[in-house]
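S.K.: dropping a prediction and its sequence here:
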Number of protein chains: 2
Amino acid sequence: SKGKLHSNFPLCHVFISFQIDHFGFLEDGTFKQRYLVADKHWKQPDGPILFYTGNEGDITWFCNNTGFMWEIAEEFGAMLVFAEHRYYGESLPFGQDSYSDSKHLNYLTSEQALADFAVLIQNLKNTIPRAVHSPVIAIGGSYGGMLAAWFRMKYPNVVLGALAASAPIWQFPDMVPCGDFYKIVTQDFARSGHNSINNVTSTASGLQWLSEEFSLCAPLKSVMDIAIFKNWLQETWVNLAMVDYPYEANFLQPLPPWPIQVVCKYLGFDPTVSDYQLLHGVSQAAKVYYNYTGSSSCLNISQTATGSLGLLGWFYQACTEMVMPMCTDGVQDMFEPEEWNFQAFSDECNAMFGVRPRADWAGIVYGGKDIIAHSNIIFSNGGLDPWSAGGVTYNITDSLISIMIPDGAHHLDLRYSNDNDPPSVREARALEVKYFREWINHAPKTPRTAPTP
Amino acid sequence: SKGKLHSNFPLCHVFISFQIDHFGFLEDGTFKQRYLVADKHWKQPDGPILFYTGNEGDITWFCNNTGFMWEIAEEFGAMLVFAEHRYYGESLPFGQDSYSDSKHLNYLTSEQALADFAVLIQNLKNTIPRAVHSPVIAIGGSYGGMLAAWFRMKYPNVVLGALAASAPIWQFPDMVPCGDFYKIVTQDFARSGHNSINNVTSTASGLQWLSEEFSLCAPLKSVMDIAIFKNWLQETWVNLAMVDYPYEANFLQPLPPWPIQVVCKYLGFDPTVSDYQLLHGVSQAAKVYYNYTGSSSCLNISQTATGSLGLLGWFYQACTEMVMPMCTDGVQDMFEPEEWNFQAFSDECNAMFGVRPRADWAGIVYGGKDIIAHSNIIFSNGGLDPWSAGGVTYNITDSLISIMIPDGAHHLDLRYSNDNDPPSVREARALEVKYFREWINHAPKTPRTAPTP
């Protein structure tokens, strides 16, 4: 259905020049950043602008996976804008050199991205005369949802409100328990049988068997390979938990409806089965995720999701500002115990990028749990989504609202509506629309000059 | 009186290490920043922290000129903290090299300074256990007042409210008319007789006469010298307008009570007097400002105020973010007509520092006139103060408050109380105290974890 909608609904790709560095004046260069505009339904003058705060990937991919905005454009008479995040997709500050070293990566931060968005909106208002008074609502999912919330917090002069869908703004040090994320993954599954991997891979023949059983593109050879394999499998379960949508969809991978139900058929863990039988089930399960369409000849353990995501960029962000502690204990979750070790993480980051993360910064700059002074933000979260562990899942004030979608996975509410949608996501979308209306109807009209006495 | 107070009231000078660059991770160096703490009256636990957001100069000077904080410390049971602004006083990121070139100056921005303040408060709360729940109120005057207001806007998680005294947060492009500033200076004086300077300096003997009449340290020789002289005289009137306090004070210079009244005795401009008679009066007037104590043997036209202000640093800030248009027309003000010319200004900045100002940035990042979403900020302004032209001089909401002090010069309310204070400043201080109390009494208690249902 989404293809059809787009064909009736022209989308312009536009580029705008931004300062490479908004926060310093030595680097005065600019670069071309991409944004997409759809104004077919825009009601002039003053129709609202629904603004997608692009996250770590190609903006066209987020555009295609945010059907909610396309579906409400007409009823709001809204212009849709999808802004690409710097360093992703085609918005590369230094072209092919953008990722070459820590010097070129230095301008990849959330603060710079928010400044880009603010300058872009200012520019739209300066160049589209009938948009001068258009209220702007920021919308984003996942990291894009964090940006939407922070955008409203830091630039309330630019955006009237924000929908932060599945935005783990509290997945930072000392805000939520580091183990909650994997507990939710575990709740969706059961146990995955990592011990069996250790048992089986203790022999060379077991290693070979495992590589063949999983149809791996490159056979496992070393202890390092086994670690990568286990990590890949762990991420697979996380991704499955994120995209457990009620209908056939292609977000991180093409998948059947309710993919976890399908996967779990193969994971009926009978404690009496052998390690080999158990791992056979796991391989069948993994193939649901990696080869639902049957088009993959082998599985590549260096990749867990769509190539539209900019993984390297996100690693850099995690190694600087986006420090998100995760841990497992093997008791309350189904994974091997692993503590959160900031120092080890910092050393890894230093080895990889020559930078060290600052554990406290995100909490200071974006307020951590003390966000009560802000307003007009909806935090929506899915009960199936592990990222809800770091999300805002209760109302903070009557203008900082939590919407829970118990049957929802990762920002299901942002997707196109579907006949198989659970009632909870339909209600969530209706509530979101209601808040948008309220914000627009009560938008303050700031006087540009002093009121006459 | 202030010396007495301080001697009863110990003040600690403390240094803390800050990131040189809060907004990038390539430069991972730190530097020592100074702050002053006085906790004699601090009521533990949870007594408030009154936090002075240091501006462009030595923090001890602002500390000594902000008697208001010292006077209210006891009644609030407050800890006083005065934080020095990076690149001023003893807080130099690269020591003696800090001003050597645009590379070293690159971290001199208001955003970095606000981040310093936020990190400092976080650090105080982490290291003083009984201050964890202490509400923090930001206080500042002039640029420090702008920082106080912006601090509350950008970090409401860190500061509960702000007193922004004589803070021209609207003295930016397209926010207020560029001529209002000098109109106010003019209202305080009359006309200064710049034409007489042109007439007198048209001959070599006239030039010599003028240099001797003004007791200049270096005689005027060239057209450039005359331009500098006129500029120095113009700044003198501005400074006098700023510090027209009702009692003997030493802020920018040691001065008598109501210095403009004293100066104006010499400026009784009778249109029939000769240029020489008129300039004699102007020189007597200037000597009130520059030599009230009689200790200066000559006047130095390269300096207009105390050496405690970091003028070079402020020029750099004006050449980057703090773009404050000023203009004169010689009709509504007493100065030679001069338009605001952004391009010429930008070229000057480029020649001086190798940077170019960004005219729109301050408005985008700090909201310009659209600040209605914020709360708990008092904007106080003096009717005699030219900086009130760019200040917030009307209430925006019942929590963004304007307090006008008609008989007040530049942040008179922040100074020690004095028997000669006009009633308007007494009322202003009382109101400020009342708002502080309200903020503290109604400080939200954000739950650190989800409320139990």
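M.R.: Structure's in. What do you need?

S.K.: what about the strands in chain A?
M.R.: Ranges of strands in chain A, per DSSP state E, are A:12-19, A:30-38, A:49-53, A:79-83, A:136-141, A:161-165, A:249-250, A:254-255, A:377-382, A:400-405.

S.K.: enumerate the residues of the stretch 301-450 of chain A near chain B.
M.R.: A:320, A:355-356, A:358, A:360-361, A:364-365, A:367-376, A:393-394, A:396, A:444, A:446-448, A:450 (Cβ under 8 Å from any Cβ of the partner chain). C-beta: built from backbone N, CA, C; applies to glycine.

S.K.: return a ChimeraX selection command for the buried portion of the residues you listed.
M.R.: In ChimeraX, a selection of the buried entries from those looks like this (16 or more other Cβ atoms under 10 Å in any protein chain shown):
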select /A:320,355,358,360,361,364,365,367,368,369,370,371,372,373,374,375,376,393,396
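
S.K.: among the residues of the stretch 301-450 of chain A next to chain B, name the ones in helices.
M.R.: Counting by DSSP state H, those place A:361, A:364, A:365 in helices.

S.K.: show me where pLDDT drops low in the stretch 101-250 of chain A?
M.R.: Scanning the stretch 101-250 of chain A for pLDDT under 70 picks out the ranges A:189-195.

S.K.: now, among the ones in helices among the residues of the stretch 301-450 of chain A next to chain B, which is nearest to chain B?
M.R.: residue A:364 (5.2 Å; Cβ to the nearest Cβ).

S.K.: what sits against that closest one?
M.R.: Applying Cβ atoms under 8 Å, 6 or more residues apart in numbering or on different chains, we find residue A:364 in contact with B:115, B:118, B:119, B:122, B:155, B:157, B:158.

S.K.: now, which of those lie close to chain A?
M.R.: The subset of the contacts of residue A:364 lying close to chain A, counting by Cβ under 8 Å from any Cβ, consists of B:115, B:118, B:119, B:122, B:155, B:157, B:158.

S.K.: could these go into JSON lines alongside neighbour count?
M.R.: Shown next, in JSON lines, are the ones next to chain A among the contacts of residue A:364 (neighbours: other Cβ atoms under 10 Å in any protein chain shown):
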{"residue": "B:115", "neighbour count": "24"}
{"residue": "B:118", "neighbour count": "20"}
{"residue": "B:119", "neighbour count": "22"}
{"residue": "B:122", "neighbour count": "18"}
{"residue": "B:155", "neighbour count": "25"}
{"residue": "B:157", "neighbour count": "23"}
{"residue": "B:158", "neighbour count": "23"}
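
S.K.: out of these, who's nearest residue B:225?
M.R.: residue B:115 (42.3 Å; Cβ to Cβ).

S.K.: for residue B:116, see how far away the residue nearest to that closest one when sequence neighbours are not counted is.
M.R.: Distance criterion Cβ to Cβ, 6 or more residues apart in numbering or on different chains; nearest residue to residue B:115, sequence neighbours excluded, is residue B:22 at 3.8 Å. In this view, residue B:22 and residue B:116 are 8 Å apart by Cβ to Cβ, to the nearest Å.

S.K.: and residue A:233, by the same measure?
M.R.: 45 Å.

S.K.: cool, and residue A:282?
M.R.: 51 Å.

S.K.: before we move on, back to that, and of the strands of chain A, who's closest to residue B:276?
M.R.: Taking Cβ to Cβ, strand A:12-19 is the member of these nearest to residue B:276, at 53.2 Å.

S.K.: other residues contacting that closest one?
M.R.: By Cβ under 8 Å, 6+ apart, strand A:12-19 touches A:28-38, A:86, A:115-116, A:119-120, A:123, B:358.

S.K.: list the strands paired with it, with their directions.
M.R.: Within its sheet, and counting by DSSP bridges, strand A:12-19 is paired with strand A:30-38 (antiparallel).

S.K.: for the strand it pairs with, C-alpha coordinates in PDB please.
M.R.: The C-alpha coordinates for strand A:30-38 follow below in PDB (Å, rounded to 0.1, in the frame of the first residue of the first chain):
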ATOM      1  CA  THR A  30      29.300  24.000   4.600                       C
ATOM      2  CA  PHE A  31      28.000  20.800   3.200                       C
ATOM      3  CA  LYS A  32      24.900  19.700   1.300                       C
ATOM      4  CA  GLN A  33      22.300  18.000   3.400                       C
ATOM      5  CA  ARG A  34      19.300  16.200   2.000                       C
ATOM      6  CA  TYR A  35      15.600  16.600   2.900                       C
ATOM      7  CA  LEU A  36      12.400  15.300   1.400                       C
ATOM      8  CA  VAL A  37       9.300  17.500   1.000                       C
ATOM      9  CA  ALA A  38       5.800  16.400   0.100                       C
END
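
S.K.: need the per-residue pLDDT for residue A:433.
M.R.: Per-residue confidence for residue A:433 comes out at a pLDDT of 98.

S.K.: again with residue A:16
M.R.: Value listed for residue A:16 in the pLDDT field: 91.

S.K.: that one: neighbour count?
M.R.: Neighbour count of residue A:16, defined by other Cβ atoms under 10 Å in any protein chain shown: 18.

S.K.: that one and residue A:37: what is the separation?
M.R.: 11 Å.

S.K.: on that earlier part again, using TSV, lay out the contacts of residue A:364 together with distance to residue A:93.
M.R.: Shown next, in TSV, are those (distance: Cβ to Cβ, whole Å):
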residue	distance to residue A:93
B:115	22
B:118	27
B:119	27
B:122	30
B:155	27
B:157	30
B:158	30
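
S.K.: closest one of the residues you listed to residue B:184?
M.R.: residue B:155 (31.7 Å).

S.K.: quick one: that closest one and residue B:119 touch, right?
M.R.: No. Under the criterion of Cβ atoms under 8 Å, residue B:155 is not in contact with residue B:119, lying 10.2 Å apart.

S.K.: how about the closest residue to residue A:376 other than its chain neighbours, what does it touch?
M.R.: With Cβ to Cβ, 6+ apart as the criterion, residue A:376 has its nearest non-adjacent residue at 3.4 Å, and that residue is residue A:161. Residue A:161 sits next to A:137, A:138, A:152, A:375, A:376, A:377, A:378, A:435, A:436, A:439 when contact means Cβ under 8 Å, 6+ apart.

S.K.: tabulate those residues (CSV), appending distance to residue B:173.
M.R.: Formatted as CSV, the contacts of residue A:161 follow (distance: Cβ to Cβ, whole Å):
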residue, distance to residue B:173
A:137, 27
A:138, 26
A:152, 25
A:375, 28
A:376, 28
A:377, 30
A:378, 34
A:435, 34
A:436, 32
A:439, 29
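
S.K.: who wins for most neighbours among those?
M.R.: residue A:138 (31 neighbours).

S.K.: for beta bridges, what are the partners of it?
M.R.: Applying DSSP bridges to residue A:138 gives these bridge partners: residue A:51, residue A:162.

S.K.: surely it and residue A:53 touch.
M.R.: Yes. With contact defined as Cβ under 8 Å, residue A:138 counts as touching residue A:53 (5.3 Å).

S.K.: need the overlap of contacts for the two.
M.R.: Common neighbours of residue A:138 and residue A:53 (Cβ under 8 Å, 6+ apart) are A:117, A:147, A:148, A:151.

S.K.: check those one by one and keep those near chain B.
M.R.: Residues of these in contact with chain B (Cβ under 8 Å from any Cβ): none.

S.K.: among these, which ones are in helices?
M.R.: Residues of the shared contacts of residue A:138 and residue A:53 located in helices (DSSP H): A:117, A:147, A:148, A:151.

S.K.: ok so, going back, columns neighbour count on top of the shared contacts of residue A:138 and residue A:53, output as TSV?
M.R.: Formatted as TSV, the shared contacts of residue A:138 and residue A:53 follow (neighbours: other Cβ under 10 Å):
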residue	neighbour count
A:117	29
A:147	27
A:148	31
A:151	26
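
S.K.: hang on, the earlier thing: out of the contacts of residue A:161, who's nearest residue B:245?
M.R.: If you rank the contacts of residue A:161 by distance to residue B:245 using Cβ to Cβ, residue A:375 comes first, at 40.0 Å.
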